[in-house]
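Undergrad: Just need the structure, nothing else, for what follows:
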Amino acid sequence: MKTALGRQICVAAVFLGAVFFAFNPRAATAGANDTWRGALWSSTAGWIVMNCLSDSSDPGACAANNYGVDVADAPNAKGNFDISGWAWSANIGWVCFGATCDPGTVGPTPEGGASYAELNLTTNQTHGWANIVALGPKGWLSLNCGDLAPGCSSYFVSADLASGVVNGFGWNGNFDGTGIGWVDFSPSSLLATETLCADGFDNDNDGPRDCADSDCTGKQGPACAVPYVCGAETKDTCQYKCDADGNLQKGCADPACKAFPDICPSKELICDDLIDNDNDGPIDCADPDCYGVGTCAADEGYLATCQPANADGGGVPGAGGCCANVKDDDAKNSYDCQDPSCASVCTGICAVDNSLKCIYDWQCPPDKNGIKKCKPQYFPWLQSLLSDIYSKGKIEAAKPPPGPPAVTPQRYNATFCLLSSVGTVTNFYADPSGMCASAPEPLAVNAPAAATGYSTSLGRIDLAGILAGRYGPTVANVTLSSGSLDGKVYVFDGDLAINAPLTFNSAGGSSSGGGLIVVRGNLNINADVAYESSATVTKLKNLASVGWLVLRRPDGTGGRITLSGDVTKIAGAFFAETSFRTGPSANSLTVFGPVIAKDFVFDRTFIDPSRGSEQVVYDARTILNPPPGLADFAKALPTISLGTP
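TA: Sure thing, here's the model as predicted:
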């Protein structure tokens, strides 16, 4: 017998806390193995958390109850993918999905028969039922109105396995007025699957790209001279350097290719046949395997009879060791600092010709006054002022920031802490006066992403609430112009380009100077963005404060912030769901505000020992007057104090 399912939208809240703790979902399984993340929202019942890993209010939730909701890896008999598992709400207790629901506890579904829930990959629509266990037979949550009324399309929950995006509403209501009403699924998401394995991007936002992602095993990888699929290296992928295993080591440089000695012998076998026998790049005497063999001399920089070039203090020709003895020691038609093998000791550049490397002044051509000068060489470097630098992985740079003896005092990348979850920091320096010279190793913190409902242990970005106008009036697809943001949320569906300079002003009276710009696509900044240079405010809410929230589109693309090389300053709190790129340019760049992104590409080549080529300056506006919807996330940002501890 079918049970009637009402559709009243406004219902009273139901609190049955004592029942929640008496019920134990023994079928709850490991949250880490379940694909549904984030939480659902009910204006009546509050948050319904889909996975213990997503419970930001209780970091130890998985230890107490390791629960989650999962989409099956293989299709069922109907060709759909079963949805099962447990969700949890602090207000209404446990919610079971599909076959997880026990008929003896909750009874038959309104369709009649046992509970089911499934995802149709053709339509991306879900079908079936979940159940609020505390409400028993009155707790059925419909995922698709078409299950009771074929042809109905007034509501359903959709889910895209490729992008991880979830949308739509479910319904729980009864003719007697009980139930929690509409449940918004859009704050939740699925752990997406890498579906594009040859585009160079991390489409499912889980770290590995293309063949490095296990999702791509057996799928066509990036272009190569021969067809291949991602997975183990083969003789062909080794010979043609295709990188099938995605470890960024190609050909014989990949240890896996040593399994094919006819393609990748362990070393260069013949040193005078003009053939790269071990397929690792260098040929004959240019291969380190051949140094000192036959007609091949030892390497210019490491000839056994020479002293290190920067250790003997020689100041005249012939007294500088292997890289300053005016000899072509390794017979490569170049000598001393013009030989690439001397790069590690020839760290200076000639004043009259910066393309010439040097150790001593005498190695350089004279200027118009007859003076030979070898000067220190500086490199572009990143500078973060009054702030920390945090990375879930390594923090690395090719070169350290400028320091003695080239420049005094030592320059630093960060005023306070360099925080790496894996404890690896290379060529990045923190100012010791910031009392964090020995950086701690914090817990790994993922950047907010759709797969977690934009929630991390730092805080949560309530995207559904932001778009629904919960934090400020929403304005869609307007032309941005200078002035006050008036506390509004500016929403752009698709790419947004800033082609003219923008200046955000503080507000007056009871108005808010804050604003949030949400881009579901890519943000291209081609002109400077700044706050007004001088402003007096009587209330913190008047202070100009802008947030830039750049998210992936529903199809999983986008989420990038890219700057033109002409841009020299930008302002605001920036969040890019995928990448933040400063743009190739010899201009310096100053960013006034925090930046959060999954990937950073710092392209600027501006060189000055006194300031970084890219300079990120901490701006307290994000905390003093958080942009609409970012208050929870702003709480986790550091509070900067320059006083004596």
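
Undergrad: For stretch 80-99, the averaged confidence score.
TA: What stretch 80-99 shows for mean pLDDT is 94.

Undergrad: So, low pLDDT: which residues of the stretch 1-150 of the chain?
TA: Judged by pLDDT under 70, the stretch 1-150 of the chain has its weakly predicted residues at 1-33, 56-61.

Undergrad: those strands in it, which residues are they?
TA: For the stretch 1-150 of the chain, applying DSSP state E, counting those that start in this stretch gives strands covering 36-37, 39-42, 46-49, 69-71, 81-89, 93-97, 117-120, 125-132, 140-142.

Undergrad: Cys238 against Ala253, yeah?
TA: No - in this structure, Cys238 is not within contact of Ala253 by C-beta atoms under 8 Å, at 9.8 Å. Every residue, glycine included, has its C-beta placed from N, CA and C.

Undergrad: So those two - more neighbours on which side?
TA: The residue with more neighbours, out of Cys238 and Ala253, is Cys238; 24 against 17, by other C-beta atoms under 10 Å.

Undergrad: would you list every one of the helices in the stretch 151-300 of the chain?
TA: 235-239 (DSSP state H, counting those that start in this stretch).

Undergrad: cool, the chain as well?
TA: Assigned by DSSP state H, the chain shows helices spanning 17-22, 61-64, 103-106, 235-239, 463-467, 621-624, 631-634.

Undergrad: Can you tell me which helices and strands the second one packs against?
TA: Okay, so that is helix 61-64. Using 3 or more C-beta pairs under 8 Å, 6 or more residues apart in numbering; DSSP states H and E, no helix or strand is in contact with helix 61-64.

Undergrad: still on that earlier bit, closest to Ser564 out of the strands of the stretch 1-150 of the chain?
TA: Of all these, strand 36-37 sits nearest to Ser564, with 35.2 Å by C-beta to C-beta.

Undergrad: Export the strands of the stretch 1-150 of the chain to TSV and append columns for mean neighbour count.
TA: Putting these into TSV (neighbours: other C-beta atoms under 10 Å) gives the following:
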stretch	mean neighbour count
strand 36-37	26
strand 39-42	25
strand 46-49	24
strand 69-71	25
strand 81-89	25
strand 93-97	27
strand 117-120	23
strand 125-132	26
strand 140-142	27
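
Undergrad: Of the ones you listed, which is nearest Phe492?
TA: Within the strands of the stretch 1-150 of the chain, the stretch nearest Phe492 is strand 39-42; the backing value is 23.2 Å (C-beta to C-beta).

Undergrad: who's in contact with the closest one?
TA: Residues from elsewhere that reach strand 39-42, judged by C-beta atoms under 8 Å, 6 or more residues apart in numbering: 47-50, 54, 87, 89, 170, 180-185, 187-188, 453, 455, 464-465.

Undergrad: And stretch 201-214, end to end?
TA: One end of stretch 201-214 to the other measures 14 Å (C-alpha to C-alpha, to the nearest Å).

Undergrad: List the residues that contact the residue nearest to Gly494 when sequence neighbours are not counted.
TA: Leaving aside its chain neighbours, Gly494 sits nearest to Gly521 (4.6 Å; criterion: C-beta to C-beta, 6 or more residues apart in numbering). Remark: with contacts taken as C-beta under 8 Å, 6+ apart, Gly521 is in contact with 492-496, 550, 553, 558-559.
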